[in-house]
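Visitor: need a structure here:
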Amino acid sequence: MTRGAGSDTSGPAGVEVTWRLRGLAPPRPAERLGRAVGLRVLRVPGTGQALVVAGTVDRLRDLTHHPAAGSPVRSVTVVVAWWRSPRVGWGGTVGMLPRLRRHRVGLPRLRRGAATVRLAVAAPVPLRDAVRSALNALDGARPMPAPGSPDVAGVVPGRSGGGVGGGPTFLPATATVTTGELTARDEIRAYDLVVTPTPPAHRPDDIGTVPAGSAGTVLAGSGHRVTVTEGAPMVLVDATRINPRGRPVTAYRSQAPEATLEFARGGRSAARFRAGTASGPAAGPAGGPTLHGALTGPGLGATALAALRQVRVVHCRLVPGEHPAQTAGLLVQLAATGVLLHAPVLPPAVADLLDPDLRALVCAPPPTPDPDDPAGAALAVEARSVRQRRAALRGHAAGLRLPALATGGLPVLGQPPSVSAILVTRRAELVPAALAAIAAQTYPELEIVLGLHGIELPESARRALSDCGRPFEVVRLPASADFGAALGAVTRRARGTLVTKFDDDDSYGVEHVWDLVLARHYSGAVLVGKGAELVHLEREGVTLRRSSGVPEAYGDVVAGGTMLLAKGDLEAVGGWRPVPRSVDLGLIERLRAAGASVYRTHPLGYLYHRRPTGHTWDPGEAYFVDSAYARWPGVPPDAMADPVRSPSTAAASDAAGAAATPAGPPPS
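Guide: Alright, predicted model coming up:
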C-alpha cells in the first residue's frame, strides 16, 4: 500500500481527531421517536431497582457495552418505545438469568409499538445480564452454536478491584468483562482468552471506553498468559451490534443518498465537528443531517446505524494516518453495515489493519449509475455491498476471529462452525451439477451428505465426490420413502454443528454458505435463509427479480433451498415431517410454534430455477413474470455476488480506479 494524495499522515499522534458523516438521509418517523427517547437508566438508591428506557432495540443493545452496565441490580424494568415484532405471532421469552424469581413480558397488540420486560432476581446481578435476558424476549437472538469454544475475558488495564467493569466494546455480547488481576490455574483456568484494548496514547484515562472497532491484543491463559497475536493489533467489532440488519433494497438505488466521511484534528475545526455527537445528530449542510464523533470515542451507535441503513455510498477522500487502529476500526464498522465505503487511498498503517479483501473493495470505486438499466445498476451496488460486508464481518467480527487468533495456544478452536450440506435427490441427471455447486463453496468446514432417493450415483458424480477434498457421505434411500422421511434419514447422518439444505435444481454462488453462517452469527436467529427473489426461467432463458419478503430482517419464511440452522435446534422441534411435499414449510411451522426466530439475509448467491420438466409446486410462469420488476437475458454475474479478482495488496492503491472483474459465470 503506497501513500498517495488521499492519505494524510501528518500531525502529531497525540492530537485528538474527530469525524463526521454528512449528507445522510433524514430520519424516519420510528427513528425520530428513537432519538427523542434515547437511552436512559434511572435507579432508586439503596433498593437495587432500575428503570431502563430505550428508544429502539438497537439502543438497548448499546447499553450492554456501557461501563455503567456492570452495576448490580435486583429488579429491572426495560421499556422500548419503538419495538417491531420479529414475525407474526411472536411471543418472546426472557433469556437465562441466575436466580430469576419472576418476570413479565408486555408486547403491543399490533406488530409494533412499546414493549416492556420486567425482571426480578433473588440476588443482585449485573445490569447488562438483565438487559441481555430482556433482549431475548424482544428479538430471540441466540449465540452461534459450537462444539467447543473459549471463555473470553475483557480486562480493563489500569483499574483495580474484582468487580465487573466497562471493558472493550468490540467483545461479543456473551463475553465476560473483568477488572483487576485474573487468577491463573494450570488445569481449570478462569478464562481461556484474555483481551485487552490497545489504549490511545494521548488519553490514558479513557481505556474503559474503547471504540467498538478498536484494536485489541489477544492473550491465551494456560497457567500463564501467552501472547497469541504478534506485530500489528487486530481490529475487531461486535457483529451482533454492527451489521447490515435492517438495510432495505432501496438503499442500493441511484436515488439513495450519498454521504461523506471527514476527519479533523484538534482546533476550531474539531470544535465545530464536536457540535454534535455520534448518538445525536446536528443540522448538516444542504445534503442532509450530520453525525459527529471522536475517533477515540464509542464508534457507531444506534443513531448512526439507523442513518446508514438508508445510505448508498460513503465517500472518504482524506484518511488520517495517526491513530491507525481507531481509524481502521471506524472504517470496518462502516463497511460492516452494508453501506458502500469508498476511500481511494489509505495510509499504510491503516491499510495493514484491514482484511485484504476488504481493503481492495474499499479502495475500488463504487459502481456508476446506469440510466438505461437502473435495476442492473442497483444490482451491481447491492453485489458490491454484499462482498464488502462479507469481507468486513469475516475478517473482523470478534465472535469469529477470536478463536482463530488463539490457534497458537488453542489450535482446535481456530475453525468456524462445521456445516453439513444435505442434498436429497431422485434426479440422477442433476446430481453432478448440484454436487459441483456444493464442492465449490468457499466455506472451509463443509461436509456433503448426499441422499440418493431411489437412484444410483452416476459415475461422474462418484469421481467428483472423491476428488472434491471435502468429507462426504452417500445415503441410499428407497424410492417409496416420503421426501420428509428421506431428509430425516440424511440429517441423521450429518455431523456438522449447522445444517443447510441444498436443492438439486437451483444455482448457488460460491460464497452462499458463508453468507448464511454470517447471517446466523449477527442475527442470532434460529433459522436463517434467503428469499427466492432471483428466478431463472429456463424456457425463456431470462432471469427475473421479484419482491419476496424483506431482506436483512426477521420474518416468517425463507426459501427452502437456503435454510440453515443448528442440528440441535432442528432435532429439538422434531426434525422434518415425514410428508411427500411442503416439507420446508412444515419445518418452518414447527420452528415458529416453538417460538424460534427466522431471519432472511440478502438474496444474492441463490438462483431459483423454473424448468419445463415441472415442479412439485407449479403456479405457472405467469406467477413469476407478473410479480417481477426487473428482467435480464441469461444470468447477470452480479446475481451470484461471487468474489472478484482483487488487485494485490501492494498495488491496491494504484489500482483503485480499475473496475472489479467478475470471477466467472455461476454454476447452473
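
Visitor: Val80 - how many residues pack around it?
Guide: If you count neighbours by other Cβ atoms under 10 Å, Val80 ends up with 26. Quick note: C-beta positions are derived from backbone N, CA and C, even for glycine.

Visitor: shouldn't it be in contact with Leu138?
Guide: Yes - if you go by Cβ atoms under 8 Å, Val80 and Leu138 touch, sitting 6.5 Å apart.

Visitor: so what sits against both of these two?
Guide: Val57, Leu60, Ala115 (Cβ atoms under 8 Å, 6 or more residues apart in numbering).

Visitor: nearest residue to the middle of this protein?
Guide: Tyr522 (3.8 Å; Cα atoms, centre = their mean).

Visitor: that one: which element?
Guide: In the assignment (DSSP states H and E), Tyr522 maps to helix 512-523.

Visitor: where do the strands sit along the stretch 251-400 of the chain?
Guide: 258-265, 290-294, 313-315, 319-320, 340-342 (DSSP state E, counting those that start in this stretch).

Visitor: what is the mean pLDDT for the fourth one?
Guide: Per-region confidence: strand 319-320 scores 92 on mean pLDDT.

Visitor: measure the residue of the chain positioned farthest from its centre to His602 for me?
Guide: Distance to the chain centre peaks in the chain at Ser480, reaching 41.2 Å (criterion: Cα atoms, centre = their mean). Here Ser480 is placed at a distance of 39 Å from His602 (Cβ to Cβ, to the nearest Å).

Visitor: parallel or antiparallel, list what pairs with the following helix or strand past the helix holding Tyr522.
Guide: Toward the C-terminal end, the helix or strand that comes next after helix 512-523 (DSSP H and E) is strand 527-529. Strand pairing for strand 527-529, using DSSP bridges, gives strand 564-566 (antiparallel), strand 598-600 (parallel).

Visitor: looking at the ones you listed, which is closest to Val235?
Guide: Ranking these by proximity to Val235 (Cβ to Cβ) places strand 598-600 first, at 25.7 Å.

Visitor: the closest residue to Arg427 other than its chain neighbours: neighbour count?
Guide: Using Cβ to Cβ, 6 or more residues apart in numbering and skipping residues adjacent in sequence, the residue nearest Arg427 is Asp504, 6.0 Å away. Counted with other Cβ under 10 Å, the neighbours of Asp504 add up to 21.

Visitor: and Asp556, by the same measure?
Guide: Asp556 has 15 neighbours, counted by other Cβ under 10 Å.

Visitor: doesn't it fall inside a helix?
Guide: No - Asp556 is assigned coil when assessed by DSSP: H, G, I helix; E, B strand; the rest coil, not a helix.

Visitor: ok, now which ones touch it?
Guide: Shown in contact with Asp556 (Cβ under 8 Å, 6+ apart): Arg87, Val88, Gly549, Ile588, Arg592, Val598.

Visitor: just the buried members of those residues?
Guide: Arg87, Gly549, Ile588, Arg592, Val598 (16 or more other Cβ atoms under 10 Å).

Visitor: and the pLDDT for Arg185?
Guide: Value for Arg185, per-residue pLDDT: 60.

Visitor: swap that for Ala596, please
Guide: For Ala596, the predicted pLDDT is 92.

Visitor: does Trp83 touch Ala115 like I think?
Guide: Yes - using Cβ under 8 Å as the test, Trp83 is close enough to Ala115 to be in contact (3.8 Å).

Visitor: what do the two both touch?
Guide: Leu107, Pro108, Leu138.

Visitor: pick the one among the residues you listed closest to Gly301.
Guide: Of all those, Gly301 sits closest to Leu138, with 18.1 Å by Cβ to Cβ.

Visitor: CA atoms only: put the strand or helix carrying the closest one into CSV for me.
Guide: Assigned by DSSP H and E, Leu138 falls within helix 127-139. The C-alpha coordinates for helix 127-139 follow below in CSV (Å, rounded to 0.1, in the frame of the first residue of the first chain):
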residue,chain,number,x,y,z
LEU,A,127,-27.4,-4.8,34.8
ARG,A,128,-26.0,-6.0,31.5
ASP,A,129,-27.0,-9.5,32.3
ALA,A,130,-30.6,-8.5,33.0
VAL,A,131,-30.7,-6.4,29.8
ARG,A,132,-29.4,-9.4,27.7
SER,A,133,-32.2,-11.5,29.3
ALA,A,134,-34.7,-8.9,28.3
LEU,A,135,-33.3,-8.7,24.8
ASN,A,136,-34.0,-12.4,24.3
ALA,A,137,-37.8,-11.7,24.7
LEU,A,138,-37.6,-8.9,22.1
ASP,A,139,-35.6,-10.4,19.3
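
Visitor: tell me what angle that helix forms with helix 512-523.
Guide: Using axes from the mean of the first three to the mean of the last three Cα atoms, to 10 degrees, one finds that helix 127-139 and helix 512-523 are set 120 degrees apart in direction.

Visitor: quick one: mean pLDDT over helix 127-139.
Guide: 93.

Visitor: against which helices or strands is it packed?
Guide: For helix 127-139, the elements it packs on are strand 49-54, helix 57-63, strand 72-84, strand 100-106, strand 112-126, judged by 3 or more Cβ pairs under 8 Å, 6 or more residues apart in numbering; DSSP states H and E.

Visitor: can you tell which of these is closest to Gly574?
Guide: Minimum separation from Gly574 across these (Cβ to Cβ) falls at strand 100-106, 25.6 Å.

Visitor: quickly run through the sheet partners of the closest one, with directions.
Guide: Assessed with DSSP bridges, strand 100-106 is paired to strand 112-126 (antiparallel).

Visitor: skipping its backbone neighbours, what lies nearest the residue farthest from the centre of the chain in space?
Guide: Once flanking residues are discounted, Ser480 sits nearest to Gly454: 7.7 Å by Cβ to Cβ, 6+ apart.

Visitor: ok, that neighbour - contacts?
Guide: Gly454 touches Arg426, Leu477, Pro478, Ala479, Ser480, counting by Cβ under 8 Å, 6+ apart.

Visitor: how many neighbouring residues does the third one have?
Guide: I take that to be Pro478. Around Pro478 there are 10 residues (other Cβ under 10 Å).

Visitor: contacting residues for it?
Guide: Counted by Cβ under 8 Å, 6+ apart, Pro478 has contacts Gly454.

Visitor: one step back: the helix holding Tyr522: how far from the chain's middle?
Guide: How far helix 512-523 lies from its chain's middle: 7 Å, per Cα atoms, centre = their mean, to the nearest Å.

Visitor: give me the buried positions along that helix.
Guide: His512, Val513, Trp514, Asp515, Leu516, Val517, Leu518, Ala519, Arg520, His521, Tyr522, Ser523.

Visitor: which stretches of the stretch 301-450 of the chain form helices?
Guide: Along the stretch 301-450 of the chain, counting by DSSP state H, counting those that start in this stretch, helices occupy 302-308, 324-336, 348-351, 356-363, 374-396, 398-405, 431-439.

Visitor: could you list the low-pLDDT ranges of the stretch 401-550 of the chain?
Guide: 405-411 (pLDDT under 70).

Visitor: give me whichever of the helices and strands packed on helix 127-139 is most buried.
Guide: Mean neighbours per residue, mean count of other Cβ atoms under 10 Å, is largest over the helices and strands packed on helix 127-139 for helix 57-63, with a mean of 23.

Visitor: which other residues reach it?
Guide: For helix 57-63, using Cβ under 8 Å, 6+ apart, the contacting residues are 34, 37-39, 41, 52, 54, 69, 78, 80, 83, 127-128, 131, 134-135, 138-139, 173, 240-241, 301-302, 305-306.
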